[in-house]
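# Next comes the sequence, and after it the predicted model I'd like to discuss.
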Amino acid sequence: MTLFTKIYRLAWLVLIVLLIFLDRTNPYWVGGSIILLLILATIAVLRILQSRKEWREIIEEENLDKDIP
């Protein structure tokens, strides 16, 4: 597991804890939580797209798409 993956997973944990114990009257906490959520969501979408690209390359290399009727 790479350092980036560890930090990414820890950031999701921090976000969950922030949402549970968040002081909703403090605009800085709310803004920081929203920014963290947007960053993590963007990273998740980019990782999904990269994974899809890698899986398509594997399918093309192995000619697995010809086996599907």
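Here it is on my side, so go on. Residues are numbered from 1 along each chain as shown.
# middle-most residue in the chain, spatially?
residue 44 (2.3 Å; CA atoms, centre = their mean).
# Residue 35 versus that one, what's the distance?
15 Å (CB to CB, to the nearest Å). Just so you know, the C-beta spots here come from the backbone N, C-alpha and C atoms, and that holds for glycine as well.
# again, but for residue 51
Distance from residue 51 to residue 35, by CB to CB: 25 Å.
# same question, residue 23
For residue 23, the distance to residue 35 equals 16 Å [CB to CB].
# what are the ranges of the helices in the chain?
Using DSSP state H, the helices found in the chain span residues 3-21, 27-62.
# Throw the ones you listed into a markdown table and include mean pLDDT, thanks.
Below are those laid out as a markdown table (pLDDT from 0 to 100):
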| stretch | mean pLDDT |
| --- | --- |
| helix 3-21 | 92 |
| helix 27-62 | 91 |
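# Go ahead and confirm residue 24 touches residue 30.
Yes - in this structure, residue 24 is within contact of residue 30 by CB atoms under 8 Å, at 6.5 Å.
# For those two, indicate the residue with more neighbours.
residue 30 (14 against 8; other CB atoms under 10 Å).
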